[in-house]
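Student: Using only what follows, build the 3D model:
(one chain, ligands or ions: 1)
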Amino acid sequence: MYDILVVGGGTAGLTAAIYARRAGRTVLVLESTGFGGQITASHLVENYPGIPAVSGLDYSDALLKQAKDLGAETKFAQVTGAEQIPGGFRLTAGKKEFEGKALILATGAKHRTLGLPREEELVGRGVSYCAVCDGAFFKDKDTAVAGGGDSALQSALFLSGVAKSVALIHRRDTFRAQAAYVEAAKTKANITFVMDSNVTALEGENTLNAITLTDKSGGSKTIPVEGLFIEVGQIPDNGPFAQLAELDGGGYFAAGEDCRTKTPGVFVAGDCRSKELRQLTTAAADGSVAATAACQWLDER
Ligand code: NAP
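Tutor: Predicted structure coming up:
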């Protein structure tokens, strides 16, 4: 039985592992897709204090190495169930089971889809949720980005250096993204802003070749694009843990800054938690708070 099981190998989970290892606790971090979490898809991170500029991949590689060098164990596993057992908690991942005395849930969030007909079918055939991962396939091609947050603006900026054109499609007339990203996008000659509009249809037989846009007044037009990058936010995936940690209306863990849940010994950290600002800094802060609280709880029980 590990001292602490961490579910999620993003910034929050790996920071928790670093803090727990430095407190001398045995730690296993379970991750379903890729260590590093969502930031691996950011081509440039420029707002982490003390690091003026770093790629999301370099940052997360360094973070994972730091956790492992300190002795944190890591495993790929999709956790599908969690229960309380005498002396701790048991996680189920398919046929595998893992046991720990305390639990830190740092499950992050996954990409929200537009829910369009054929969206799923066209993933990898023109539709993508990660410009950094797939942008290179669209060199000198016409592309579009849907969304108005930091991720959408970052994707548009990244694509502007690769693709022939980028249509940035946002459903409102003002952006949610940081002004610095919006200003940077305005300086790119190959980014076109399409405001007050939604992507309402995906065209093309086997691969995407056009999208239909519908504006506020109901008018629609079809524009040729070979790549559509969907960056319309994230949704949490905390269902398997709802017995242990209360969820808010949006499906995020309803926990405060202390990262504690209704179950003693269960802590939550990062984007999976109800909060105002989902950033690397706040994920790292949560990871350290949750691990410190878990270590204290282990000492005192
Ligand atoms: P976000 O901030 O939630 O923005 C999502 C965007 O998608 C919003 O503009 C939203 O429109 C739009 N949207 C949502 N559902 C839609 C739909 N069904 N159809 C069309 N548009 C839709 O998500 P995010 O950009 O992925 O960012 C998530 C968090 O990570 C944020 O806290 C962000 O600051 C952070 N982040 C930070 C950086 C960085 O460099 N520091 C980089 C990436 C992300 P409305 O504005 O109308 O709601």
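Student: centroid residue for the protein?
Tutor: In the chain, the C-alpha nearest the mean C-alpha coordinate belongs to residue 38, at 3.5 Å (C-alpha atoms, centre = their mean).
Student: part of a helix, is that one?
Tutor: Yes - the assignment for residue 38, made by DSSP: H, G, I helix; E, B strand; the rest coil, places it in a helix.
Student: so it touches residue 270, yeah?
Tutor: No - Residue 38 lies out of contact with residue 270 (C-beta atoms under 8 Å); the separation is 9.7 Å. Any C-beta I mention is one placed from the backbone N, CA and C, and that applies to glycine too.
Student: hey, what's in contact with both of those two?
Tutor: 10, 108 (C-beta atoms under 8 Å, 6 or more residues apart in numbering).
Student: Would you state the helices of the stretch 101-250 of the chain in chain order?
Tutor: Assigned by DSSP state H, counting those that start in this stretch, the helices in the stretch 101-250 of the chain fall at 131-134, 150-160, 179-186.
Student: Same question for the last one: list its buried residues.
Tutor: Spelled out, that is helix 179-186. Neighbour-count burial for helix 179-186 flags 181, 182, 184, 185 (criterion: 16 or more other C-beta atoms under 10 Å).
Student: can you narrow those to ones near the ligand?
Tutor: When contact is defined as C-beta under 6 Å from any ligand atom, the buried residues of helix 179-186 do not meet the ligand at all.
Student: Residue 134 - nearest residue in space that isn't next to it in sequence?
Tutor: Leaving aside its chain neighbours, residue 134 sits nearest to residue 128 (4.1 Å; criterion: C-beta to C-beta, 6 or more residues apart in numbering).
Student: what separates residue 44 from the ligand, distance-wise?
Tutor: Distance of residue 44 to the ligand, computed by C-beta to the nearest ligand atom, to the nearest Å: 8 Å.
Student: if we can go back for a sec, tally of neighbours for the residue nearest to residue 134?
Tutor: Applying other C-beta atoms under 10 Å, we find 25 residues neighbouring residue 128.
Student: didn't it look like it was pressed against residue 229?
Tutor: Yes - at 5.3 Å, residue 128 counts as touching residue 229 under the criterion of C-beta under 8 Å.
Student: what touches both of those two?
Tutor: Joint contacts of residue 128 and residue 229 (C-beta under 8 Å, 6+ apart) are residue 134.
Student: quick one: residue 216 and the ligand, what's the gap?
Tutor: In terms of C-beta to the nearest ligand atom, residue 216 sits 12 Å off from the ligand.
Student: what sits against the closest residue to that residue other than its chain neighbours?
Tutor: Of all residues not flanking residue 216 in the chain, residue 196 sits nearest, at 4.4 Å (C-beta to C-beta, 6+ apart). Shown in contact with residue 196 (C-beta under 8 Å, 6+ apart): 170, 171, 172, 173, 215, 216.
Student: what pLDDT does the third one get?
Tutor: To tie it back to what came earlier, the one meant is residue 172. The per-residue pLDDT reported for residue 172 equals 98.
Student: OK, contacts around it?
Tutor: Here residue 172 is in contact with 148, 195, 196 (C-beta under 8 Å, 6+ apart).
Student: Also the first one?
Tutor: Under the criterion of C-beta under 8 Å, 6+ apart, the contact partners of residue 170 comprise 146, 147, 148, 152, 193, 194, 195, 196, 197.
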